[in-house]
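> this one's structure only:
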């Protein structure tokens, strides 16, 4: 579903954010992307969403090589990827409904189908009945759930999340992670960047850890509770 | 069919969204609309003026009379005889004799210089003949004017339509000037709306970024701004049309009074259906164009980071 092959990313200022990254995420797989700040987590996610392009190497998402996606085709490419942000990126001049509906309107769904899907997505994140509320009246955790509803409303094959629990207390973080995992359980490929190692260990999915732009480890988190073990074999030797 | 319907629905949403956005900040929107309206009203108002003066000069065109001023030495009897002679010519339709006494009397009553005339020892005015020719071409008129000027009694022949010709030449000049002003104003309106849209794009950069992230195409993101520019231009043009109508309303009474003094039924004509359509359509098109320029330049710069 997502595959990186010897990917390098050097920014115009000379900083090399990624140096020779290779990994693959199968369809329906869920993985955490960990590592200290500046390790390249955000850059890696940006390459998936085509916010940045690799300097070298190939990034394949949804069986499409991002290098062959022209600028004009980026919107269509992004419609098949859901993105969850640390700061939610909600539009505060419109209702919860309109925020979640945005990708559906863009994709060209009619009002009836849009309404149906928005209500379904809000139902899944536990915000049914809050459609007409302004995002600003919601708590941070609720705002993040609106962000998740928006990311999944158009039923993308892949959802990537950049520090989705970065601003939340441990209990809310756990709740958000559980919510994301529920989407993975119905088949969405999920890659979550986080520095919350405790949470990663608790959830015990595959963990790709970055350090200084390279993969420092790729495999199951140690002490993963049974039942949450990835069904995919380790690709890069033993976990850190 | 479904796609077309969706397309129209999106456009309708964009239009109502743009109107909503204008109404949400009524004062700011009003100021921008007024700037556009005043700018558009300037060339449109000049156009109305030129059209009116043009129409006025048109009604006088037929009156291509010569005035033949006779020499001071010519007696009244000789002048009357000359009037009969000239009136008998084939190329002359009519001759009116104005004696120096009649001329003085008319001048006294109409000019308001009565008191000044009383101060003069003698009547400074000559006898005059007003000759209405039966001719139409410029060459024939010229020939008649020359033959009248050649008479020994004649002091001066004045073609009364000369000033109409001059006025028309002036109108052509002014019309050209109005065209230039219109072009400059059009450019100004494009820039004003372009700048307004640029500010709007900057204010909504977060929204644009999010739209790009969830897969909004350039067209999808651009369209609300194009409609906003369209609405600014349209509203500006409508207000400009109102400004002109109001100005004409204010001028109607004094113009009527003036026309009455000239015993004329002439009255001001407005912008007319065609020019109004051009004004409003042009305003909307300029708004669209300004927004397009701003969007083309600034939307690309906002990319998700």
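Done, it's in. Remember, it's a predicted structure, so these values are computed and weren't measured experimentally. Numbers count the residues shown, from 1 in each chain, chains lettered A, B, ... in the order given.
> Am I right that residue A:3 sits in a helix?
No: Residue A:3: not assigned to a helix; according to DSSP: H, G, I helix; E, B strand; the rest coil it is strand.
> Dihedrals phi and psi, the nearest residue to residue A:155 once chain neighbours are set aside?
Closest residue to residue A:155 apart from its sequence neighbours, by CB to CB, 6 or more residues apart in numbering or on different chains: residue A:117 at 7.8 Å. Every C-beta, even on glycine, is put in place using the N, C-alpha and C of the backbone. Residue A:117 adopts backbone torsions of phi -70, psi -40, taken as degrees, to the nearest 10.
> Let me know how buried residue A:117 is, in neighbour terms.
Residue A:117 has 21 neighbouring residues, counting by other CB atoms under 10 Å in any protein chain shown.
> Return the residues in contact with the nearest residue to residue A:25 once chain neighbours are set aside.
In space, and not counting its chain neighbours, residue A:25 is closest to residue A:2: 4.2 Å by CB to CB, 6+ apart. Residues in contact with residue A:2 (CB atoms under 8 Å, 6 or more residues apart in numbering or on different chains) are A:24-25, A:48, A:59-61, A:158, A:189, A:191.
> Return the subset of these lying in strands.
Under the assignment DSSP state E, the contacts of residue A:2 contribute A:24-25, A:59-61, A:158, A:189, A:191 to strands.
> Tell me the one of those nearest residue A:16?
residue A:59 (16.1 Å; CB to CB).
> My guess is the closest one contacts residue A:46. True?
No: the pair residue A:59 / residue A:46 is not scored as a contact, 10.2 Å apart, by CB atoms under 8 Å.
> Of the two, which one has the most company?
Each of residue A:59 and residue A:46 has its neighbours counted (other CB under 10 Å); residue A:59 has more, 23 against 20.
> Residue B:30 versus that one, what's the distance?
50 Å (CB to CB, to the nearest Å).
> now do residue A:134
Distance from residue A:134 to residue B:30, by CB to CB: 26 Å.
> can you check residue A:111 too?
32 Å.
> three-state assignment of the residue of the stretch 201-305 of chain B found nearest chain A?
Closest to chain A within the stretch 201-305 of chain B is residue B:215: 3.5 Å, counting by CB to the nearest CB. Recorded secondary structure, residue B:215: coil (three-state DSSP).
> which secondary structure element contains the residue lying closest to residue A:108 once chain neighbours are set aside?
Nearest non-adjacent residue to residue A:108, counting by CB to CB, 6+ apart: residue B:6, 5.3 Å away. Using DSSP states H and E, residue B:6 sits in helix B:2-24.
> List the buried residues of that helix.
Residues of helix B:2-24 classed as buried: B:10, B:14-15, B:18, B:21-22 (neighbour count, 16 or more other CB atoms under 10 Å in any protein chain shown).
> For chain A, list the residues in contact with chain B, please.
A:49, A:51, A:72, A:75-79, A:83, A:89, A:91, A:93, A:102-103, A:105-108, A:110-111, A:150 (CB under 8 Å from any CB of the partner chain).
> Let's see which of those residues end up in strands.
Short answer: those in strands (DSSP E) are residue A:83.
> I'd like to know which of the residues of chain A next to chain B are buried.
Looks like the residues of chain A next to chain B have A:49, A:51, A:75, A:77-79, A:83, A:89, A:91, A:102-103, A:105-108, A:150 buried, using 16+ other CB under 10 Å.
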